[in-house]
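>>> Output the structure for:
(one chain, ligands or ions: 4)
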Amino acid sequence: MAAPAIHDSYDSILILDFGSQYSHLITRRCREINVYCEMLPCTQKMADLDWKPKGIILSGSPFSVYDDGAPRVDPAVFDYGVPVLGVCYGLQEIAWNHGGKVDPCDHREYGFAELQVIKLGPGHELADKLFAGIDREMQVWMSHGDQVSVLPPHFNIIGKTPTAPFAAIAHESKPIFGVQFHAEVTHSPRGKEVIKSFVLNICQCKANWTMACRSPDTFIEKEIARIRQICGEKGRVIGAVSGGVDSSVAAKLMHEAIGDRFHAVLVDNGVLRENEAKQVHKMLSEDLGVNLTVVDASDRFLAKLEGVEDPEQKRKIIGNTFIHVFEEEAAKIEAMAEKELETNPGGEVKGKIEWLLQGTLYPDVIESISFKGPSATIKTHHNVGGLLKDMKLKLIEPLRELFKDEVRALGRLLGIPAHLVGRHPFPGPGLAIRILGPVTRDQVKIAQKADTIFIDEIRKAGLYDQISQAFVVLLPVKAVGVQGDKRTYDQVVTLRAVQTEDFMTADWYVFPPEVLRRISSRITNEVAGVNRVTYDISSKPPGTVEWL
Ligand SMILES: Nc1ncnc2c1ncn2[C@@H]1O[C@H](COP(=O)(O)OP(=O)(O)OP(=O)(O)O)[C@@H](O)[C@H]1O
Ligand SMILES: O=c1[nH]c(=O)c2[nH+]cn([C@@H]3O[C@H](COP(=O)(O)O)[C@@H](O)[C@H]3O)c2[nH]1
Ligand SMILES: NC(=O)CC[C@H](N)C(=O)O
Ligand SMILES: [Mg+2]
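Ligands and ions are numbered 1, 2, ... in the order given. The predicted model follows:
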């Protein structure tokens, strides 16, 4: 019997993603009010859905509904019998599907607008529910170049702005709503209330999804039970464990679920931080009680990366090689068990290793499922898009539905020490995506040394926990300098430090100048081959956190 999925155990909302960069925020807003939700590509056919959402939200999109090849919603959504809310493109798609008209508008709206809420009064209780508690005006945030120009039949206007006469609409009798503004962004201050009205009052979801307490009814216990069911009595799991927050939390869950049948493996891919493998080994055994095998595959990874400059190629090589290494390790562990049985025929018969544990999070998944969306082709996360096509191990990813801050909360509940839970993320492809140009042992050493100094000084200044992620990027650029009265012609590094809630958007961190001065001076003095230090002041978007 298959274990029940989360969407079978809790009232859940389905978000259909049309590729907006804010789609994931709708997910967050629902989960913040303790309602579980899942995002699927807008191409999802309702007939193929094997669970029953209590409501559906259609996201925004970079497309226009009248474009050739614009993403289309399955019209069955409107006959599915649950409430539907369209946001921006979602509203336009609702209008388009119900006989309305959508055209490019004369006044594109990017940024703040004042929405005038229109209450329809007696006989229109359902339509008035969306803006319950919001009386007249509210500030909203818009990002659109099209708008509804002809209202579809049987729809009423429930909100307008000076330039958008159909900024919020509702069907006269069915629970179908559309808002032109982005209710999901924090720049729409009362947007949360609108989503809450939809999810709780209109869809009637019970707000009981949480990981915040360790009772039998909550995430940890359910997940442990689910893992036990998947693995059966004897099944064994090999774990891709990096010492990062995600895989440490996943490893701890797995260890609680199946104990010694879980084998944690850290792969030294030659592009880890300085002394990373040693430190992680110590941390996992001492802090988590998880036995970790470190596999030194650095020669193999570096040989494959030789001469490779293209970022996507680097990512794919690393993702693929990881899987080869895990499959080989799994075979070794199985062979060891067979040998033990030969020497001790009465001993325990151990199960096969069928599963690979990964600490994949929801944002990793979102980037790879987004419908032709802006995020779809930005970069291939090694643990999602970089996997081998014909891998033998099946994936087990307990955190696949969670965001980073939720994983940290889970880590704290599992008793994982603060210094581990609070670690800055470090990407699986490691320094290979922080060394621009070809990766060589020498370049790795330079990047490692500079990175160690940067993090060390951040810690000394007491800033580590204020910064979400900090690292050094080694540029393929040489510049002239003067050191000890001699001319140098050496490499340039750039420092990257960002603050972010969920790593989907980020802002650069404003350092006190004296800290930057110390970092710059130490790097140029202590790292041979570097004579200049620059600071990256790009936010995401338009940049990304990593440079490759
Ligand atoms: N060097 C490594 N050895 C083994 N597995 C790894 C390694 N690097 C990454 N992984 C696997 O890839 C997954 C994704 O990496 P990612 O960096 O996103 O997560 P993490 O390392 O667990 O946490 P963090 O985001 O805090 O660094 C990890 O959870 C882990 O399963
Ligand atoms: O494990 C990982 N494998 C990857 O392939 C990968 N690419 C980016 N990242 C991390 O994701 C966050 C967002 O990074 P970007 O803004 O560069 O996409 C940042 O925290 C990045 O460090 C990765 N992590
Ligand atoms: N943010 C959106 O969903 C925009 C929808 C559509 N592309 C427009 O410009 O109106
Ligand atoms: Mg990591």
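
>>> what sits against the residue in the stretch 101-250 of the chain that ligand 4 sits nearest to?
Nearest residue of the stretch 101-250 of the chain to ligand 4: Gly244, at 3.1 Å (CB to the ion). Bear in mind the C-beta positions are built from the backbone N, C-alpha and C, glycine included. By CB atoms under 8 Å, 6 or more residues apart in numbering, Gly244 lies in contact with 359, 423, 425-426.

>>> Drop anything exposed from these.
359, 423, 426 (16 or more other CB atoms under 10 Å).

>>> Find the nearest non-adjacent residue to the last one, please.
In this structure, Phe426 finds its nearest non-sequential neighbour in Gly244, 5.6 Å apart by CB to CB, 6 or more residues apart in numbering.

>>> and that neighbour, how far is that from ligand 2?
7 Å (CB to the nearest ligand atom, to the nearest Å).

>>> now Asp67
From Asp67 across to ligand 2, the span is 27 Å (CB to the nearest ligand atom).

>>> In this structure, where is pLDDT below threshold?
Scanning the chain with the threshold set as pLDDT under 70 gives 1-4, 211-217, 366-379, 385, 541.

>>> what helices or strands is the longest strand belonging to it leaning on?
Within the chain, and with DSSP state E defining each element, the longest strand by residue count is strand 101-117. If contacts are counted by 3 or more CB pairs under 8 Å, 6 or more residues apart in numbering; DSSP states H and E, strand 101-117 sits against helix 89-97, strand 137-150, strand 155-160.

>>> how distant is it from the center of its chain?
30 Å (CA atoms, centre = their mean, to the nearest Å).

>>> and that strand with strand 155-160, angle?
For strand 101-117 against strand 155-160, the angle by axes from the mean of the first three to the mean of the last three CA atoms, to 10 degrees is 50 degrees.

>>> Would you agree Val480 falls within a helix?
No: going by DSSP: H, G, I helix; E, B strand; the rest coil, the assignment for Val480 is strand, not a helix.

>>> Show me which positions of stretch 104-117 end up buried.
Across stretch 104-117, burial judged by 16+ other CB under 10 Å covers 105, 109, 113, 115, 117.

>>> and the buried ones among the contacts of Gly244 as a markdown table, adding secondary structure and distance to ligand 3?
Listed next are these as a markdown table, based on DSSP: H, G, I helix; E, B strand; the rest coil; distance: CB to the nearest ligand atom, whole Å:
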| residue | secondary structure | distance to ligand 3 |
| --- | --- | --- |
| Gly359 | coil | 32 |
| Arg423 | coil | 35 |
| Phe426 | coil | 33 |
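
>>> Among the residues you listed, which one sits closest to ligand 2?
For those, the minimum distance to ligand 2 (CB to the nearest ligand atom) is 6.8 Å, reached by Phe426.

>>> Can you name the element that comes right after whichever strand or helix holds His24?
Using DSSP states H and E, His24 maps to helix 23-32. For helix 23-32, the following helix or strand on the C-terminal side (DSSP H and E) is strand 36-41.

>>> ok, the longest strand of the chain: who's next to it in the sheet?
With DSSP bridges as the test, strand 101-117 is paired with strand 137-150 (antiparallel), strand 155-160 (antiparallel).

>>> among those strands, which is nearest ligand 2?
Closest among the strands paired with strand 101-117, using CB to the nearest ligand atom: strand 137-150, at 20.2 Å.

>>> got the residues of the stretch 1-150 of the chain near ligand 3?
Neighbours of ligand 3 within the stretch 1-150 of the chain, by CB under 6 Å from any ligand atom: 20, 60-64, 88-89, 143-146.

>>> Near Glu526, how many other residues are there?
12 (other CB atoms under 10 Å).

>>> I'd assumed Phe454 was in contact with it.
No: between Glu526 and Phe454 there is no contact under CB atoms under 8 Å: 11.3 Å.

>>> Out of the contacts of Gly244, which are close to ligand 1?
359, 423, 425-426.

>>> now those as TSV including distance to ligand 4?
Shown next, in TSV, are the ones next to ligand 1 among the contacts of Gly244 (distance: CB to the ion, whole Å):
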residue	distance to ligand 4
Gly359	8
Arg423	9
Pro425	5
Phe426	4
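
>>> Return the member of the residues you listed nearest to Lys52.
Using CB to CB, the shortest approach to Lys52 within the ones next to ligand 1 among the contacts of Gly244 belongs to Gly359, at 29.6 Å.

>>> List the residues that contact Arg29.
Arg29 sits next to 183-184, 191-192, 195 when contact means CB under 8 Å, 6+ apart.

>>> hmm, 7 Å instead?
184, 192, 195 (CB atoms under 7 Å, 6 or more residues apart in numbering).

>>> can you confirm Val73 is in a strand?
No: Val73 is assigned coil when assessed by three-state DSSP, not a strand.

>>> Next, it: phi, psi?
Dihedral pair for Val73: phi -80, psi 150, per degrees, to the nearest 10.

>>> In CSV: the buried ones among the contacts of Gly244, plus distance to Glu397.
Formatted as CSV, those follow (distance: CB to CB, whole Å):
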residue, distance to Glu397
Gly359, 8
Arg423, 20
Phe426, 18
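
>>> closest point of this structure to ligand 3, which residue?
Closest residue of the chain to ligand 3, CB to the nearest ligand atom: Gly60 (2.7 Å).
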